[in-house]
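Peer 1: generate a structure from the sequence data that follows.
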Amino acid sequence: MLQEKYLPLYDYSEKHSIIIRKEPEEIWPIIVEGDLSGSWIIRLLFAVRGMPARMTRLEGLHKARFIPLEEEKNVELIIGLIGQFWKAGGNLQLFQPEQFISWQKPGFSKGSWSFKLIPLSDHLTRLETETRVQCLDAVALKRFKRYWFFIRPFSGLIRKEILRGIKMKAEKLG
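Peer 2: Predicted coordinates:
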């Protein structure tokens, strides 16, 4: 599991999953395409957070410093983020994937976001998403805790909406 490789120690975690009536290789292209623009809920919540419309696509997330760390095709994709998420704009840091594990600057937090496909039977797959956050010192932990109290319900709603959108697109395919 890539989460264990990139962020084995964490202070906060949230998981969501959905069952999709397709094989992993049919779902995978939809995940890596990363087009979240079909959901008005996601567009609205991103706008409220001050995130530009381009971030509703995976390449937009990458430009906003959500860095793809690793992928195992048809199995798992993990994205990393380093910043001070409680600040306006998040003070997101630019880094290379190989720097994520060792990055330890005080006052910051690291986040990982994974999508994992688990085959259950023929034409039935569980898609899981997990978000983990590690606060790199007591100051970051205190600030993130307050931030998470308010943002968690909306963060969860975005992830559930992403899962529903992927399921809808996958099950529409022939």
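
Peer 1: under the pLDDT cut-off, which ranges of the chain? List them.
Peer 2: Within the chain, the ranges that satisfy pLDDT under 70 run 34-65, 174.

Peer 1: top helix in it by residue count?
Peer 2: Secondary structure assigned by DSSP state H gives helix 138-172 as the longest helix of the chain.

Peer 1: mind listing what's buried along it?
Peer 2: Buried positions in helix 138-172, judged by neighbour count with 16 or more other C-beta atoms under 10 Å: 140, 143-144, 147-148, 151, 155, 158-159, 161-163, 165-167, 169-170. The way it works is simple: take the backbone N, C-alpha and C, and place the C-beta from them, glycine included.

Peer 1: same question for stretch 98-105.
Peer 2: Quick answer for stretch 98-105 (16+ other C-beta under 10 Å): residue 100.

Peer 1: ok, residues contacting it?
Peer 2: Stretch 98-105 has contacts (C-beta atoms under 8 Å, 6 or more residues apart in numbering) with 5-6, 67, 69, 80, 82, 93, 95, 110, 136.

Peer 1: could you rerun that using 7 Å?
Peer 2: The contact list for stretch 98-105, computed with C-beta atoms under 7 Å, 6 or more residues apart in numbering, reads 6, 69, 80, 82, 95, 110, 136.
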